[in-house]
Every structure is written in structure tokens, then in C-alpha cells.
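1. quick check, what structure comes out for this input:
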Amino acid sequence: MRRVKLFALFSVLIFFLRTGPALGQTLRGILEKRSFTGPVTGRQIEFSIYLPENYSSSGERYPVIYHLHGLGGSHDGYHTRTVPASFEKARDMGIIGPVIIVFPDGYKDSFWADSFDRTKPAETNIIAELIPYVDENFRTLRDARFRVIQGFSMGGFGAAKFITKFPDLFNLGIIYDGALLDWRTLVMSHTMIAFSIFANSEDYFNQFSPWFWAGKNKNKLTARTRLRLVVGALLPWNRNFLSYLSEIGIPVEYIETSCLHDLNCLLHYEGLGSAAFISEALNQAFRDYHRDDKRSELKKK
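-> Got it, this is the predicted structure:
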């Protein structure tokens with residue numbers, strides 16, 4: 001599915017006039033910083049987590065959204081407030097129910113890969129350590145159908161990589177102005193990262209490339225994955241990735257905005273749309289989940 005929205009350029013100015021104060025708004029849910037020792041890497045794994053209001057008293061289990069930061073960011077940036085604020089607004093409007101949101105740390109420039117020298121094992125931290133820890137210590141719905149991966153810029157690259165490489169862990173992805181680089185464009189635009197993270201090796205890069213994994217896992221991805229691309233300034237990279245996904249038959253909801261490379265602007269114009277996209281998928285997942293439970297009960301009789 002392809003859907004393109006083009007807004008007038010003056011909308012960027014309206015955004016700053018209308019949403020500047022919202023960046024400091026108080027969340028109703030709880031935002032915490034947490035850390036633990038990773039059982040695989042032995043490293044201190046730091047992350048922030050947003051728990052919806054009434055989490056402590058509800059006893060319910062919740063879908064989980066993993067949001068990945070961009071280049072130079074961390075688990076403790078402005079996005080840890082603006083992303084939950086966007087979902088709280090969507091919840092107030094009846095668009096989506098309560099969710100847990102996790103903010104991992106990507107070592108500022110890891111591109112959400114395991115660096116060649118293993119000093120920045122961002123992928124292992126998330127897949128082998130953080131997800132199991134969150135599922136064990138918080139009331140999550142431990143199923144790929146209820147686990148969302150999303151990210152901005154470098155985090156968009158990471159989100160695209162995780163959903164294409166690990167379709168058994170994530171069925172749903174949102175990419176905000178993703179830095180969807182292939183090897184050639186990475187070397188041209190981020191020469192030092194090509195060296196420091198990927199050791200100037202295209203073969204090593206491909207182990208963490210959404211381009212590579214989308215092609216390799218296309219049969220699984222066409223059957224179960226839902227993906228939404230919300231684009232700001234990084235038009236060429238996103239259009240190229242959209243063309244590639246369309247060519248190999250992976251469905252995408254695709255939106256272009258007049259935003260610059262700015263997560264707040266993208267959330268302002270398409271945060272509710274993303275919440276609706278997630279909610280639709282979660283509602284279907286709940287229906288499937290309960291249907292599967294009934295089938296299991298029938299088999300026991």
C-alpha cells in the first residue's frame with residue numbers, strides 16, 4: 001500500500017508556533033531510567049521505559065513499542081517525552097490503547113549494529129538482552145504481534161533492519177525519516193562510521209542491512225509484516241527503499257511530509273496516523289490471539 005501526503009511548506013512554521021510548549025508537557029504515565037548487566041555481553045545495559053498510567057494497579061499486560069534514537073542520541077533524550085506524549089494524545093482521542101514504550105541506547109553512532117570490534121554491541125544488547133529483560137520484568141504481551149519497532153534517522157535504519165532481520169520478534173515497524181543507506185551511500189555520507197562500525201567491509205555491513213535482510217526474508221515479510229515510512233528531508237534514501245520493497249512485494253504505507261529532518265514535526269503531523277496504524281494491527285493481533293486460544297482449548301477437549 002502506498003499513500004503519499006504532501007503538505008504546504010508553511011506548515012513547518014505552523015508546527016513551531018503550535019507545538020513548541022508541548023515539548024515540556026507533563027506525562028500522565030511513568031518515565032523511568034533503568035539498567036542491568038547484560039547476560040551475554042556482560043555490559044551495563046541502560047534504557048528508559050515509559051509505563052502507561054495505572055500500570056501499577058491494572059494487572060494487565062501491554063503491547064511494547066521499542067523506539068530507537070538517531071545519530072548522536074542516547075536512551076535519555078527529548079524523544080523519551082515527545083514519543084509518549086504523542087501516544088497519550090492518541091489515547092485521549094480513542095485511537096489507541098495503553099502501551100509500554102522502551103528507549104534503548106545505541107552507543108550514539110552504532111547504526112544499531114554490533115560494531116566489528118565488538119565495542120558497541122547494539123544489536124546483541126537489544127535482541128539477546130533487553131527484550132528478554134523487559135519481558136521478564138514488566139507485564140508485556142510476549143508475542144511478535146504485540147511488539148513494535150520504530151525509530152528516527154539512524155534509528156529508522158535500525159528499525160528497518162530489526163523488522164526485516166527478525167520477523168519472528170517484530171511484526172510491525174514505523175520508520176521516521178530513516179537514514180536508509182545501502183553500502184555505497186553509507187560510505188559516501190558516513191565514511192568514519194563505515195570504518196569504525198563496519199570495518200570498511202560491505203559483507204559485514206550486510207549482516208545489519210535492511211536492504212539485505214528484506215531480500216533474504218521477503219517470503220516471511222510479505223506474509224506477516226506491516227511497515228510504515230514517514231518521510232521528512234531524507235527523500236532519496238526513503239524513495240529508493242520504498243521502490244526496492246515494492247519490487248520484492250513487501251507492502252508499505254508510505255507518507256511524505258514537508259517536515260525537515262525533525263522527529264517532533266513528524267510526530268506532530270503523523271504521530272496520530274502512526275498510532276492508528278499500530279492500533280489497527282494490534283486489534284487484528286488481539287482477534288487472532290483469542291481465536292488461537294479458543295482453538296487450543298478445543299484441541300484439549
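2. show me where the stretch 151-300 of the chain has strands.
-> 172-176, 226-231, 253-256 (DSSP state E, counting those that start in this stretch).
3. now do the buried residues in the shortest one.
-> Of the residues in strand 253-256, 253-256 count as buried by neighbour count, 16 or more other Cβ atoms under 10 Å. In this view, the C-beta of every residue, glycine as well, is placed from N, C-alpha and C.
4. where does the chain dip in pLDDT?
-> Counting by pLDDT under 70, the ranges of the chain that qualify are 1-25, 293-301.
5. angle of the helix ranked longest in it against strand 172-176?
-> For the chain, the longest helix by residue count, based on DSSP state H, is helix 263-300. Here the directions of helix 263-300 and strand 172-176 differ by 180 degrees (axes from the mean of the first three to the mean of the last three Cα atoms, to 10 degrees).
6. helices or strands up against helix 263-300?
-> helix 11-19, helix 79-92, strand 147-152, strand 172-176, strand 226-231, strand 253-256 (3 or more Cβ pairs under 8 Å, 6 or more residues apart in numbering; DSSP states H and E).
7. wait, isn't residue 152 in contact with residue 179?
-> No: the pair residue 152 / residue 179 is not scored as a contact, 9.1 Å apart, by Cβ atoms under 8 Å.
8. which of those two has more neighbours?
-> Each of residue 152 and residue 179 has its neighbours counted (other Cβ atoms under 10 Å); residue 152 has more, 31 against 25.
9. which residues touch the more buried one?
-> Residue 152 sits next to 67-70, 79, 176-178, 263, 266 when contact means Cβ atoms under 8 Å, 6 or more residues apart in numbering.
10. change it to 10 Å
-> Residue 152 is in contact with 67-71, 73, 79, 83, 158-159, 174-179, 230, 232, 261-264, 266-267, counting by Cβ atoms under 10 Å, 6 or more residues apart in numbering.
11. swap in residue 171?
-> Residues 143-149, 163, 221, 224-227, 281-282, 285 are the ones in contact with residue 171 under the rule Cβ under 10 Å, 6+ apart.
12. most neighbours among those, which one is it?
-> residue 163 (29 neighbours).
13. now do that residue against residue 270, distance only.
-> In this view, residue 163 and residue 270 are 18 Å apart by Cβ to Cβ, to the nearest Å.
14. residue 201 against residue 209, yeah?
-> No: under the criterion of Cβ atoms under 10 Å, residue 201 makes no contact with residue 209, lying 11.7 Å away.
15. so for those two, which sits in the more crowded spot?
-> Higher neighbour count among residue 201 and residue 209: residue 209, with 26 against 13, using other Cβ under 10 Å.
16. the residue minimising distance to the centre of the chain and residue 291: what is the separation?
-> In the chain, the centroid-proximal residue (Cα atoms, centre = their mean) is residue 150; its distance is 1.1 Å. Separation of residue 150 from residue 291 (Cβ to Cβ) stands at 27 Å.
17. do the same with residue 199
-> Using Cβ to Cβ, one obtains 47 Å as the distance from residue 199 to residue 291.
18. more crowded one of those two?
-> residue 199 (13 against 10).
19. spit out the contact partners of the residue lying closest to the more buried one once chain neighbours are set aside.
-> Nearest non-adjacent residue to residue 199, counting by Cβ to Cβ, 6 or more residues apart in numbering: residue 116, 3.8 Å away. By Cβ under 10 Å, 6+ apart, the contact set of residue 116 is 195-201, 204-205, 207.
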